[in-house]
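# Dropping the sequence and predicted coords here.
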Amino acid sequence: MDAAEFQKYRGLSDQNLIACIVGGDTMAAVALLIDQCGPRLKYLTQCTFSMLGIEFDEIVSATFLILRKNDWRALRSFRGRDERGRSCRLKTYVSVIAARMLWKKLDRAMKGIDWKATPITLDGLKDVPAPPDRVLRAAELMDAIMALENPCDRELLLLYKLQGWSAEEVAARLNISTANVYTRCNRALKQLRTLLEEGSRHA
């Protein structure tokens with residue numbers, strides 16, 4: 001679709017756009033996902049959940065399947081309000097659905113890691129033997145990693161320290177030098193340790 005075709009749907013209200021989609025207008029669904037939700041979906045794949053390696057066209061297809069499920073039930077359920085009763089646009093609603101889908105994928109991926117094989121400890125966060133009471137729970141560690149402000153640091157730790165990628169592989173993925181991988185990893189580990197220690201003090 002070109003800009004002129006997208007323009008046809010930009011003038012529709014959220015409810016009218018939904019009516020077009022559930023009525024069988026496939027192009028209306030394309031306009032919703034690519035034109036209206038596109039920037040947010042790209043941010044999810046390129047920044048927030050970049051560690052999953054999902055491309056833009058993949059998240060568009062997966063989100064389309066979720067929306068189409070059970071005769072477009074998700075779209076039919078849209079009322080223009082979020083769970084707290086605040087005004088909510090359709091593009092925001094759909095983007096949240098996509099984000100939840102990606103979070104579930106990340107959660108499943110992290111549960112597949114053998115955390116007991118290489119326990120991560122508070123003592124420098126190094127892969128060394130540690131007493132059972134000093135080994136971090138997977139959920140606690142994931143919460144701390146996802147709390148890091150820099151999305152690239154989050155991805156670096158997930159790939160390099162948890163999934164076991166080599167420094168060279170991470171460097172190629174993030175388009176940085178191998179030396180930069182080590183530097184940024186050390187910096188991120190210091191930030192992570194601070195977050196974990198702060199969390200333990202407030203627990």
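Perfect, thanks for sending it. Numbers count the residues shown, from 1 in each chain.
# Could you list the low-pLDDT ranges of the protein?
1-2, 109-143, 162-163, 196-203 (pLDDT under 70).
# Determine the number of other residues adjacent to residue 39.
By other Cβ atoms under 10 Å, 11 other residues sit near residue 39. Just so you know, the C-beta spots here come from the backbone N, C-alpha and C atoms, and that holds for glycine as well.
# Tell me, domain by domain, which residues of the protein belong where.
As assigned by automatic domain parsing, the chain contains the domains 3-111, 132-202.
# where's the most centrally placed residue in the chain relative to residue 16, distance?
Centrality entry for the chain: nearest residue to the mean C-alpha point is residue 49, 3.0 Å, by Cα atoms, centre = their mean. Residue 49 sits 31 Å away from residue 16, going by Cβ to Cβ, to the nearest Å.
# And residue 75, by the same measure?
According to Cβ to Cβ, residue 75 and residue 16 sit 12 Å apart.
# By residue count, tell me the biggest helix in this protein.
Longest helix in the chain by number of residues (criterion: DSSP state H): helix 178-202.
# mind listing the helices for this structure?
Counting by DSSP H, the chain has helices at residues 3-10, 14-22, 26-30, 38-43, 56-76, 90-111, 138-146, 151-156, 167-174, 178-202.
# which residues touch the residue lying closest to residue 40 once chain neighbours are set aside?
Once flanking residues are discounted, residue 40 sits nearest to residue 95: 4.1 Å by Cβ to Cβ, 6 or more residues apart in numbering. The neighbours of residue 95, taking Cβ atoms under 8 Å, 6 or more residues apart in numbering as the test, are 37, 40-41, 44.
# now those residues in CSV, with distance to residue 24 and neighbour count?
What follows is the contacts of residue 95, written out as CSV (distance: Cβ to Cβ, whole Å; neighbours: other Cβ atoms under 10 Å):
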residue, distance to residue 24, neighbour count
37, 20, 23
40, 25, 16
41, 23, 25
44, 28, 23
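# Go through these and name the one nearest residue 86.
Residue 86 lies nearest to residue 40 out of the contacts of residue 95, by Cβ to Cβ, at 17.6 Å.
# my guess is the closest one meets residue 91, correct?
Yes - contact criterion Cβ atoms under 8 Å: residue 40 and residue 91 qualify, at 6.9 Å.
# how much space between residue 83 and residue 90?
15 Å.
# between these two, who's got more neighbours?
residue 90 (20 against 7).
# Spatially nearest residue to that one, not counting backbone neighbours?
Of all residues beyond its chain neighbours, the one nearest residue 90 is residue 14 (3.9 Å), with distances taken as Cβ to Cβ, 6+ apart.
# Regarding stretch 22-42, how distant is the last residue from the first?
With Cα to Cα, to the nearest Å applied, stretch 22-42 spans 25 Å between its terminal residues.
# List of residues touching it?
1, 5-6, 8-10, 17, 20-21, 56, 59-60, 63-64, 67-68, 71-72, 75-76, 90-92, 94-95, 98.
# Can you name the residues that contact the residue nearest to the centre of the chain?
Counting by Cβ under 8 Å, 6+ apart, residue 49 touches 99, 102-103, 105-106.
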